[in-house]
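Q: just the structure for this:
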Amino acid sequence: MAQAKKVLAKKSSQRATKNKARVTVKTYHNYIGGRWVPSAGGEWFENINPADTRDVVGRFPRSTSEDVDAAVAAAGEAFNRWRRTPAPRRAEILFRLGEILIRNKETFAADMTREMGKVLKETGGDVQEAIDCTYYTAGEGRRLHGFTAPAEMPDKFAMCVRQPVGLCGLITPWNFPMAIPSWKLIPALVCGNTVVIKPAEDTPLSTYNLVKACEEAGIPPGVVNLVSGFGETVGAGMTGHPALRLISFTGSTETGRLVASACAERNAICSLEMGGKNAIIVMDDADVDNAIEGTVWGAFGTSGQRCTASSRVIVHKKVYREFSRKLVERARGLRVGNGANTKTEMGPVINQEAVHKILSYIDIGQHGDGAELACGGNRLTKGEYAHGFYLEPTVFTDVKPTMRIAQEEIFGPVTSVIPTNSLEEAIDIANGVRYGLSAAIYTQDVNRAFHAMNEMYTGIFYVNSSTIGAEVHLPFGGTKGTGNGHREAGTQVLDIFSEWKSVYVDYSGKLQKAQIDEVEI
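A: Purely as a prediction, here's the structure:
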């Protein structure tokens with residue numbers, strides 16, 4: 001009897017521990033009008049660690065259109081006060097935000113690794129990019145320059161000034177869940193706009209951390225509003241909302257087209273940053289070992305889940321076999337595991353849907369396209385991998401440019417090696433996709449490098465480096481199916497979040513008609 005009581009007590013204790021674990025999962029809220037509030041619908045969704053699906057990072061509001069309406073209303077109420085705040089004063093608050101991000105960098109990086117999966121060095125870089133963006137763009141608070149111009153008539157002054165767009169909706173992706181929100185949020189704020197931001201449902205915590213830091217920095221209530229949830233409700237509610245003058249979206253090309261269509265129907269401004277199918281060209285005079293390192297970083301960093309990922313490598317036939325052999329050796333040797341482990345070189349992919357998509361493309365490459373699967377191609381499921389979304393780094397060789405794996409964005413740790421006979425052929429292959437984000441060439445010949453730079457129709461180009469690694473003081477974006485002509489980062493981002501106003505001051509004391517009145521000389 002006593003033994004039975006002990007067993008029952010043990011089971012009861014185990015149940016209590018499990019229940020306690022469930023209760024201690026942190027619940028997060030939306031941020032609307034300076035208050036942290038649950039969704040109006042009262043529903044939640046769980047943020048799951050892709051390295052270990054048993055780990056629930058937190059519970060976030062499964063928001064509704066009612067929440068979007070409330071956030072937009074709060075942004076509307078705050079707009080006039082914020083736009084009338086002098087730009088240098090707005091910038092001072094953003095500099096404080098940068099200091100808060102620096103202070104919390106390690107914590108924010110660890111949170112990001114837990115919810116997104118990429119290794120700690122990369123998530124530290126993600127937070128650092130937000131820091132860099134904040135400091136750099138805050139500096140524009142004293143440099144929101146317009147310009148003066150000669151007027152056509154005497155005693156008349158002509159100039160241009162920037163003015164904020166208004167209320168902005170920001171829809172951000174999961175692969176850079178603090179860097180990309182900062183690319184949108186900070187320029188929008190320094191220009192005097194108010195915003196509603198929707199983080200990706202797979203990574204809401206990192207954007208929450210960014211917005212929480214905004215609150216601590218002293219950004220006034222209603223200027224920044226955070227609404228978490230899913231695209232079909234929150235995303236659609238934002239893109240179709242009549243009061244949001246601008247929608248800035250980063251994500252897939254397919255979703256971007258839907259966003260653009262919704263904005264076009266109501267004549268809203270739309271900024272899109274979408275997919276990529278980026279190529280590294282490796283010439284016969286290249287430093288092969290350096291090109292291997294660039295390819296490994298470009299193809300398998302962030303588990304290949306970057307719009308700038310090096311998903312194609314176009315290699316001159318003179319070094320093709322050497323390059324392929326060394327690339328396969330490096331890919332096989334990569335340490336795959338939980339990104340929180342400092343020895344890990346490649347973490348999991350984001351979710352089960354991504355696993356299914358990537359594996360389907362690997363099957364297409366093998367059995368549909370007929371490419372050579374040189375290494376990888378499998379999901380890792382045993383031991384430490386049992387509860388995560390882990391895939392092997394995968395390399396296809398003897399790939400033809402027309403194959404689907406060489407044309408379509410896979411968004412995973414898969415790269416295709418394509419042989420070429422010449423630089424001209426390599427450029428044609430690299431340009432022969434629907435996207436135009438990033439490209440690179442490895443060569444020791446400056447003439448080849450400049451020729452490729454001139455002929456590649458991409459928004460970003462690298463010489464003797466990978467296709468990834470953009471810096472915040474240069475414009476970021478692409479051509480063709482990658483975007484719609486706008487650029488983020490750099491000073492060029494200001495043209496997204498501000499509009500030009502031409503101002504004429506006539507101090508002649510009489511009516512003067514430009515293009516009509518004769519001017520005495």
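Q: who are the contact partners of residue 266?
A: 240, 242 (Cβ atoms under 8 Å, 6 or more residues apart in numbering). (C-beta placed from N, C-alpha, C; glycine too.)
Q: hmm, try it at 7 Å
A: residue 242 (Cβ atoms under 7 Å, 6 or more residues apart in numbering).
Q: measure it to residue 238 for me?
A: From residue 266 across to residue 238, the span is 12 Å (Cβ to Cβ, to the nearest Å).
Q: packing partners of the helix or strand hosting residue 210?
A: Assigned by DSSP states H and E, residue 210 falls within helix 204-217. Applying 3 or more Cβ pairs under 7 Å, 6 or more residues apart in numbering; DSSP states H and E, one finds that helix 204-217 makes contact with strand 56-61, helix 87-103, helix 105-116, helix 179-190, strand 224-226.
Q: contacts for that helix?
A: Taking Cβ under 7 Å, 6+ apart as the rule, helix 204-217 contacts 28, 31, 47, 57-58, 60, 93, 96-97, 100-101, 104, 108, 111-112, 115, 130, 172, 177-178, 181-182, 197, 199, 224, 226, 228.
Q: stretch 420-431 too?
A: So stretch 420-431 is contacted by 279, 281, 283, 314-317, 401, 418, 439, 448, 451-452, 455-457 (Cβ under 7 Å, 6+ apart).
Q: inside helices: which ones of these?
A: Applying DSSP state H to these, the entries found in helices are 317, 448, 451-452, 455.
Q: nearest to residue 121, of those?
A: Proximity of these to residue 121, judged by Cβ to Cβ, is greatest for residue 452, which lies at 29.9 Å.
Q: show me what contacts that closest one?
A: Neighbours of residue 452 in contact, by Cβ under 7 Å, 6+ apart: 281, 423, 427, 441.
Q: cool, residue 50 as well?
A: Taking Cβ under 7 Å, 6+ apart as the test, what residue 50 contacts is 117, 348-351, 388-389.
Q: need these in a markdown table with neighbour count and secondary structure, can you?
A: As requested, the contacts of residue 50 are exported to a markdown table (neighbours: other Cβ atoms under 10 Å; DSSP: H, G, I helix; E, B strand; the rest coil):
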| residue | neighbour count | secondary structure |
| --- | --- | --- |
| 117 | 33 | coil |
| 348 | 30 | coil |
| 349 | 26 | coil |
| 350 | 26 | coil |
| 351 | 17 | coil |
| 388 | 25 | coil |
| 389 | 25 | coil |
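Q: helices and strands of this structure: which one has the lowest mean pLDDT?
A: Least confident helix or strand of the chain, by mean pLDDT, DSSP states H and E, is helix 2-23 with a mean of 46.
Q: downstream of that one, the next helix or strand is which one?
A: As assigned by DSSP H and E, the chain's next helix or strand after helix 2-23 is strand 30-32.
Q: how far is the next helix or strand after that next one from where the chain is centred?
A: Beyond strand 30-32 on the C-terminal side, the first helix or strand identified by DSSP H and E is strand 35-37. Taking Cα atoms, centre = their mean, to the nearest Å, one finds strand 35-37 lying 26 Å from the centre of the chain it belongs to.
Q: what's the distance between the nearest residue to residue 456 once chain neighbours are set aside and residue 429?
A: Nearest residue to residue 456, sequence neighbours excluded (Cβ to Cβ, 6 or more residues apart in numbering): residue 439, at 4.6 Å. Separation of residue 439 from residue 429 (Cβ to Cβ): 11 Å.
Q: next one: residue 105
A: Distance from residue 105 to residue 429, by Cβ to Cβ: 40 Å.
Q: just want to know which of these two has more residues nearby.
A: residue 429 (20 against 17; other Cβ atoms under 10 Å).
Q: the more buried one - that's part of a helix, no?
A: Yes - assigned with DSSP: H, G, I helix; E, B strand; the rest coil, residue 429 falls within a helix.
Q: burial of residue 494, as a residue count?
A: Residue 494 has 17 neighbouring residues, counting by other Cβ under 10 Å.
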